[in-house]
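Enquirer: mind looking at a prediction? Sequence and model below.
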Amino acid sequence: MRKKYVLLIGLVLAFSVFAENNTVEVRGGYDVYKKIEQKDSNGYDKLKFKNGFNLGAEYRREIYENIQIGAGLEYNFNSDKTPGDKYSSADNSTIKYSSDDLDSIPLYATARYVFRNRTDFTPYVKINLGYSFNSGDMEAKKTLHDVNKTFKAYDYSAKDSFYYAFGTGVEYKNFIVDLTYEINDFKADGKRYTSVSDTPGGLNVTYKDEDIKFKNQKLKLSLGYQFDF
């Protein structure tokens, strides 16, 4: 997985080095609003995620007056809000939830229109369209207290997904302030148990393969700097 990310970063950097009259932008930001949540619970508590930081780099070139196109790469950090332990008196059991941080790396094409004027403040609007490489595992373990045995109730892994965003911002000389709304809804595939029985040889657990859906939308505020070559 890491080799894939390094290759993507290399492609973006190579693109910017060999182009003429280009702009390379680096930025960092924070989610001022985020909605990453599980759409369906399948009988379990829904997983949610906290606001996080992001780092990005973007290459653009002006192809016509005030119109720029290019490509970008971003790393989004998303910490989870694990529900924790949940006891059920119906079968005297406890569900223990756990999950990795859900990180995503969108690789995208971008188009920007710049409203140039006679001041040092230059507003712009933009749109991004690309593909997001997502990583993160989500699982829950169930303990049956009557027999004091534990098994995996479900196990899911985040899958890659399409990514798109639109935003606006202001350039001041080489500095930028950017506000972007991103949409990166994705699926996680895996399995969950449908039945369990205690046998002399241990627990006999039956699983079902399935996908769960996550709604992933956020509004982020970023600060950055542009290098013109």
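Expert: Sure, I can see it. Owing to the predicted nature of the structure, the values given are computational and were not obtained by experimental measurement.
Enquirer: in stretch 217-229, what counts as buried?
Expert: Of the residues in stretch 217-229, those buried by neighbour count under the rule 16 or more other C-beta atoms under 10 Å are K218, K220, S222, G224, Q226. All C-beta spots, glycine's among them, are computed from the backbone N, C-alpha and C.
Enquirer: also stretch 102-117?
Expert: L102, D103, S104, I105, P106, L107, Y108, T110, R112, V114.
Enquirer: these two touch, right, the first one and F49?
Expert: Same thing as L102. Yes - assessed by C-beta atoms under 8 Å, L102 is found in contact with F49 at 5.9 Å.
Enquirer: and the helix or strand containing Y225, which strands flank it?
Expert: Secondary structure from DSSP states H and E places Y225 in strand 202-228. Strand partners for strand 202-228, identified by DSSP bridges, are recorded as strand 22-38 (antiparallel), strand 175-183 (antiparallel), strand 186-199 (antiparallel).
Enquirer: may I have the beta-bridge partners of the closest residue to V177 other than its chain neighbours?
Expert: Nearest in space to V177, with sequence neighbours left out and distances taken as C-beta to C-beta, 6 or more residues apart in numbering, is V170 at 5.3 Å. Under the criterion DSSP bridges, V170 forms beta bridges with P123, V177.
Enquirer: next up, the contacts around V170.
Expert: For V170, the residues meeting the contact criterion (C-beta atoms under 8 Å, 6 or more residues apart in numbering) are F121, T122, P123, Y124, I176, V177.
Enquirer: can you put these in a markdown table and add neighbour count?
Expert: Supplementary listing: the contacts of V170 in a markdown table, determined by neighbours: other C-beta atoms under 10 Å:
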| residue | neighbour count |
| --- | --- |
| F121 | 11 |
| T122 | 16 |
| P123 | 13 |
| Y124 | 18 |
| I176 | 19 |
| V177 | 16 |
